[in-house]
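Visitor: Can you look at this prediction? I've put the sequence above it.
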Amino acid sequence: MSDCLFCKIINGDVPSKKIYEDSLVYVFEDIAPAAPIHYLLIPKEHISSAKDITEKNSNVVGHIFEVISKLAKNLDLKDGFRVVNNCGENAGQTVFHIHFHLLAGKSFEWPAG
C-alpha cells in the first residue's frame, strides 16, 4: 500500500535500522523503544491487522515467530522476552500493517496496562 509507513520502510523509502531481513519478514529497531531491546517484526506482504489473517497468509505469522525464536537465541535472551501484537485502535495499533513487538532487556509486569 502506497500510504503505509511500514510498506515504505520495507521499500527503503523511509529509513530504519534493520536488524534482520529475509524473503517474508523485515525486522527493525523501534524508534521509541519501550525496553532496551525493542524490535518490530513486519511481514513484507501488507496485512492490515491480526483480524485480516487468512489461510492464504497465515504462514507468514508462523514464520515471524520462527524469526523471533532465532533472534532470541542469537541475542541470548535466556531471561525472557515479550512479544506484543496490537489489533485495532482500542488496542493501541497505530500503524495498520500487522507487526509484532519483540521486547527484552528488562523485567515486565502483568497486566501490561
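Guide: Thanks, I have it.
Visitor: Give me the buried positions along whatever helix or strand Ile64 lives in.
Guide: Element membership for Ile64 (DSSP states H and E) is helix 58-74. Across helix 58-74, burial judged by 16 or more other C-beta atoms under 10 Å covers Val60, Val61, His63, Ile64, Val67, Ile68, Leu71, Ala72. All C-beta spots, glycine's among them, are computed from the backbone N, C-alpha and C.
Visitor: with those in mind, which one is nearest to His99?
Guide: Ile64 (9.0 Å; C-beta to C-beta).
Visitor: got the contact list for that closest one?
Guide: Counting by C-beta atoms under 8 Å, 6 or more residues apart in numbering, Ile64 touches Leu24, Val25, Leu41, Pro43, Phe100.
Visitor: same thing but at 10 Å, please
Guide: Leu24, Val25, Val27, Leu41, Ile42, Pro43, Val83, Asn85, Ile98, His99, Phe100, Leu102 (C-beta atoms under 10 Å, 6 or more residues apart in numbering).
Visitor: just Glu66 next, same as before
Guide: Glu66 sits next to Asp22, Leu24, Val25 when contact means C-beta under 10 Å, 6+ apart.
Visitor: what do you get for Ile10?
Guide: Applying C-beta under 10 Å, 6+ apart, we find Ile10 in contact with Cys4, Ser16, Glu21, Val25, Tyr26, Phe28, Ile42, Pro43, Lys44, Glu45, His46, His97.
Visitor: is it true that the fifth one touches Ser16?
Guide: The one in question is Tyr26. Yes. Under the criterion of C-beta atoms under 10 Å, Tyr26 is in contact with Ser16, at a separation of 8.1 Å.
Visitor: more neighbours, those two?
Guide: Tyr26 (21 against 18; other C-beta atoms under 10 Å).
Visitor: ok, back up a step: filter the contacts of Ile10 down to the buried ones.
Guide: Buried, going by 16+ other C-beta under 10 Å: Cys4, Ser16, Val25, Tyr26, Phe28, Ile42, Pro43, His46, His97, out of the contacts of Ile10.
Visitor: how near is the fifth one to Asn90?
Guide: Between Phe28 and Asn90 the distance is 26 Å, computed by C-beta to C-beta, to the nearest Å.
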